[in-house]
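Undergrad: Structure for this input, please:
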Amino acid sequence: MEGEISNFIMVWTLVVLSLTYCHTICQTVPSGTKRLLAISPVIGLFFILPLSLTTISLGGLTSFFIAWLCNFKLILLAYGKGPLSSSQSCSLTYFIPVACLPIKIHNPIESTKNEEHPCLKINERGPKSPMNYVIKCLVIVAFLPAYEGKDRVHPVMINLMYCVHVYVALEVSLAVVGAMVRAIIGVRLEPQFEEPYLSTSLQDFWGRRWNLMVTNILRPTIYLPVRSISSRVIGRMWAPLPASFACFLVSGLMHELIFYNIGRKEPRWVVTSFFLVHGLCVAVEIAAKKAFAGKFHLPRVVSRPMAVGFILATALWLFLPALLWCDAEDKARREAMAIVDFVKETWSVFVKF
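TA: This is a model prediction of the structure:
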């Protein structure tokens with residue numbers, strides 16, 4: 001674990017230095033192909049750096065942060081678009097965290113514009129209460145006895161617990177990162193999750209509730225360009241269908257990259273299949289809503305269990321097996337033990353003083 005921490009420090013030192021270079025480039029090189037060529041070595045480096053890490057907690061998140069989100073933001077920056085092209089990001093203090101972390105600074109003007117796009121409406125209530133995260137963490141703690149005696153628990157129940165565990169771990173991890181950024185640079189951030197277990201449809205889940213930083217970066221990089229091209233071929237009404245499907249395809253491929261960085265195992269394309277299934281279902285959902293033109297709505301008491309049930313069923317079928325294929329279960333257990341040992345050692349040193 002000590003070697004992993006050393007590599008982690010080295011990786012993020014290179015990330016900060018590389019982003020400082022990109023910040024300088026965007027001040028001196030005009031947007032367009034020349035800027036893209038100037039920052040392309042950094043984009044390539046960010047795909048390679050996560051290979052220096054092997055843990056889920058450090059390697060998996062680093063891969064997500066820089067190989068996916070940061071690289072997509074840099075591609076947008078090359079053409080003068082995206083969050084790194086805003087006036088706030090002219091400051092290096094803003095540029096680096098916005099570039100390499102899963103955050104989006106709250107923009108009231110953009111929030112007003114997003115009224116035209118219900119799937120992009122943001123939460124105006126501000127950050128969640130810490131008690132929200134405490135309760136979710138206590139739920140995970142309640143699972144621990146079942147993990148220890150999982151031979152006596154039905155495999156489906158264990159896998160359902162794993163799904164909840166993945167959700168809580170990801171949400172809490174991103175919330176901690178967001179809280180640190182708020183404390184350091186003092187800005188209001190948009191929410192990263194919005195209680196996905198309350199989703200009433202697949203569009204609601206993927207567009208307004210689940211890992212919204214991914215939604216925010218896929219829209220300008222994939223959705224809008226594909227929709228623009230598709231509208232010339234199949235018309236503006238149906239252009240969102242291939243655009244949405246393209247987002248799920250890209251998301252599946254990026255998850256394959258992250259899972260490879262975690263497990264170093266040859267991809268089996270199972271997690272890509274998960275996102276393709278959801279991409280197809282979202283396209284069908286969009287088409288159905290356009291066909292009915294808002295004349296038919298399922299009550300929430302029906303649509304909510306249907307949506308959440310479908311998401312859990314497909315996660316158990318395709319997503320979770322792909323994650324477990326990366327030895328995520330054993331790695332997570334070893335990392336948890338290492339953290340406990342570290343806390344114990346730190347506490348014993350503190351008590352001596």
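
Undergrad: State the pLDDT value of the nearest residue in space to residue 150 that is not next to it in sequence.
TA: Nearest in space to residue 150, with sequence neighbours left out and distances taken as CB to CB, 6 or more residues apart in numbering, is residue 158 at 5.0 Å. The C-beta positions use only the backbone N, C-alpha and C, and glycine is treated the same way. The model reports residue 158 with a pLDDT of 93.

Undergrad: Show me what the helix or strand hosting residue 158 is packed against.
TA: Using DSSP states H and E, residue 158 sits within helix 155-185. The helices and strands touching helix 155-185, judged by 3 or more CB pairs under 8 Å, 6 or more residues apart in numbering; DSSP states H and E, are helix 92-100, helix 130-148, helix 320-325.

Undergrad: now it against helix 130-148, angle please.
TA: Angle, helix 155-185 to helix 130-148, by axes from the mean of the first three to the mean of the last three CA atoms, to 10 degrees: 150 degrees.

Undergrad: which parts of helix 155-185 are buried?
TA: In terms of neighbour count (16 or more other CB atoms under 10 Å), helix 155-185 has its buried residues at 159-175, 177-178, 181, 185.

Undergrad: Could you do stretch 131-138 as well?
TA: Residues 133, 136 are the ones in stretch 131-138 that count as buried (16+ other CB under 10 Å).

Undergrad: Report the mean per-residue pLDDT for it.
TA: Stretch 131-138 shows a mean pLDDT of 91.

Undergrad: What of stretch 325-341?
TA: For stretch 325-341, the mean pLDDT works out to 79.

Undergrad: how about low-confidence regions in the protein?
TA: 1-2, 87-89, 108-127, 294, 340, 342-343, 347, 349-353 (pLDDT under 70).

Undergrad: Quick check: residue 68 touching residue 253?
TA: No. Between residue 68 and residue 253 there is no contact under CB atoms under 8 Å: 9.8 Å.

Undergrad: which one of these two has more residues nearby?
TA: Per other CB atoms under 10 Å, whichever of residue 68 and residue 253 has more neighbours is residue 68, with 25 against 15.

Undergrad: Please, which helix or strand holds the residue lying closest to that one once chain neighbours are set aside?
TA: Leaving out its chain neighbours, the residue that sits closest to residue 68 by CB to CB, 6+ apart is residue 254, at 4.7 Å. Remark: residue 254 resides in helix 240-263, with elements defined by DSSP H and E.

Undergrad: distance between that helix and the chain's centre?
TA: Distance of helix 240-263 from the chain centroid (CA atoms, centre = their mean, to the nearest Å) equals 11 Å.

Undergrad: what comes up buried for that helix?
TA: In helix 240-263, counting by 16+ other CB under 10 Å, buried: 240-252, 254-263.

Undergrad: Determine the number of other residues adjacent to residue 10.
TA: Residues near residue 10, counting by other CB under 10 Å: 13.

Undergrad: Nearest residue to residue 78 in space, please, no chain neighbours.
TA: Of all residues not flanking residue 78 in the chain, residue 36 sits nearest, at 3.7 Å (CB to CB, 6+ apart).

Undergrad: any idea which element the one you found lies in?
TA: Element membership for residue 36 (DSSP H and E) is helix 33-48.

Undergrad: Give me the angle between that helix and helix 240-263.
TA: Using the same axes, to 10 degrees: helix 33-48 against helix 240-263 is 40 degrees.

Undergrad: which strands and helices sit next to helix 33-48?
TA: helix 2-28, helix 71-78.

Undergrad: got the contact list for the next helix or strand after that helix?
TA: Where DSSP H and E defines the elements, the next helix or strand beyond helix 33-48 is helix 61-62. Contact with helix 61-62 is made by 8, 11-12, 49-50, 53, 173, as judged by CB atoms under 8 Å, 6 or more residues apart in numbering.

Undergrad: same thing with stretch 194-206?
TA: 119, 123, 167, 208-210, 212, 215, 278, 281-282, 285-286, 298, 300, 303-304, 307-308, 310-311.

Undergrad: Just the CA atoms of it, as CSV, please.
TA: Presented in CSV, the C-alpha positions along stretch 194-206 are these (Å, rounded to 0.1, in the frame of the first residue of the first chain):
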residue,chain,number,x,y,z
GLU,A,194,-29.7,13.1,-6.9
GLU,A,195,-31.1,10.0,-5.1
PRO,A,196,-31.1,7.6,-8.1
TYR,A,197,-33.3,5.1,-6.3
LEU,A,198,-36.2,7.6,-6.8
SER,A,199,-36.0,7.4,-10.6
THR,A,200,-39.2,7.2,-12.5
SER,A,201,-37.7,6.3,-15.8
LEU,A,202,-34.4,5.4,-17.5
GLN,A,203,-34.1,9.0,-18.8
ASP,A,204,-34.7,10.2,-15.3
PHE,A,205,-32.1,7.9,-13.9
TRP,A,206,-29.3,8.6,-16.4
